[in-house]
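Q: whatever this is, show me its structure:
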Amino acid sequence: MVTALKPFEYGRVLGLFEPLAYNLAVQAIVGGRAPGSVYADFTDRPSVGLIWDGKAILFLSGEPEAGVESGFGEVLSESVLPEVADRGLLPWLRVVCPPAWEGRLAEALGAESIDRRIRYHYSLRELRVDRRKLLPADCRPIAVDPDLFAGAGPLGLDRLTAEILGTWGSLETFFEWGFGQALVAENRLVSWCLSEYNAPDECELGVETVRDRRRVGLATIATAACVDYALERGVSPKWHCWPENAGSVGVARAVGFIEDLTYQVYLPKWAEFDSRLAARGF
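A: This is a model prediction of the structure:
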């Protein structure tokens, strides 16, 4: 039977997720540095575990046979999927798990079918961008720190705040563990790069640029600034993206990241659950 673990029990599943160590979200959620929920078949000595990031990513690891027998599908349909659907994220729900799960995944999750996609993982080889030479005359760099949020701040701060809260759960947690660099033009935030899922010596990065200032290199500049900040503090930055996201791939390569892993993600479909959701107005 699957049990929702209490936060002080989260660490008991960490060994199960070693094959997924390239996803720093696992460590961050288990370590309390990011919001999420953890489930396992047993609280003391689990043989299978499920980690939900609270949005649209599920991490599943351990023994596939135990996963099938434990009833994760029931937990998903009763606890996880209604919340995912309520937030409008069900079409983007994806599962990351070791390859050994592929043949049993639909059965373990109680899904009607499973689609497959790949994602790229990048590590930094060397910082290749001198952001100071590329900075447009109307932009100035600024750190994403408590000072930025003091007073009125630049326009667009609400959007930046929402992005931080979506990953970190609170500004306080972000300021304790995370960091970021942004670009401001005419008192408006136009691009920013934030650390995500920080571990003591690693982090993932995410970048965003407002629509009317895209395709002019601002994401590359903001990312280079964030990478520089990370390296100064002994933190190795990582990058994930979809192969078809040409903009993200381009930024990663321009800054100096190299692709070091291609991994499979799974997109489960629950036809019966989707019908129930539609009937309930989700």
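Q: buried ones in whichever strand or helix holds T161?
A: Using DSSP states H and E, T161 maps to helix 157-168. In terms of neighbour count (16 or more other C-beta atoms under 10 Å), helix 157-168 has its buried residues at L157, L160, E163, I164, T167, W168. C-betas here are computed from N, CA, C, even on glycine.
Q: okay, the third one: pLDDT?
A: Per-residue confidence at E163 stands at 96 (pLDDT).
Q: and it, how far is that from G11?
A: E163 sits at a distance of 28 Å from G11 (criterion: C-beta to C-beta, to the nearest Å).
Q: which stretches of the stretch 101-250 of the chain form helices?
A: Secondary structure of the stretch 101-250 of the chain (DSSP state H, counting those that start in this stretch): helices located at 105-109, 131-134, 157-168, 171-177, 218-232, 246-255.
Q: redo these as CSV? Include distance to E63.
A: Formatted as CSV, the helices of the stretch 101-250 of the chain follow (distance: least, C-beta to C-beta, whole Å):
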stretch, distance to E63
helix 105-109, 10
helix 131-134, 47
helix 157-168, 30
helix 171-177, 32
helix 218-232, 36
helix 246-255, 34
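Q: just name the most buried of the ones you listed.
A: helix 218-232 (a mean of 23; mean count of other C-beta atoms under 10 Å).
Q: quick one, it and helix 246-255 angle?
A: 50 degrees (axes from the mean of the first three to the mean of the last three C-alpha atoms, to 10 degrees).
Q: ok, what's across the strand from R188?
A: R188 has these beta-bridge partners by DSSP bridges: L155, A185.
Q: start at 57, not 1
A: Renumbered: residue one is now 57, and that last one reads R244.
Q: that one: what's it in contact with?
A: For R244, the contact set (C-beta atoms under 8 Å, 6 or more residues apart in numbering) comprises P210, L211, G212, V266.
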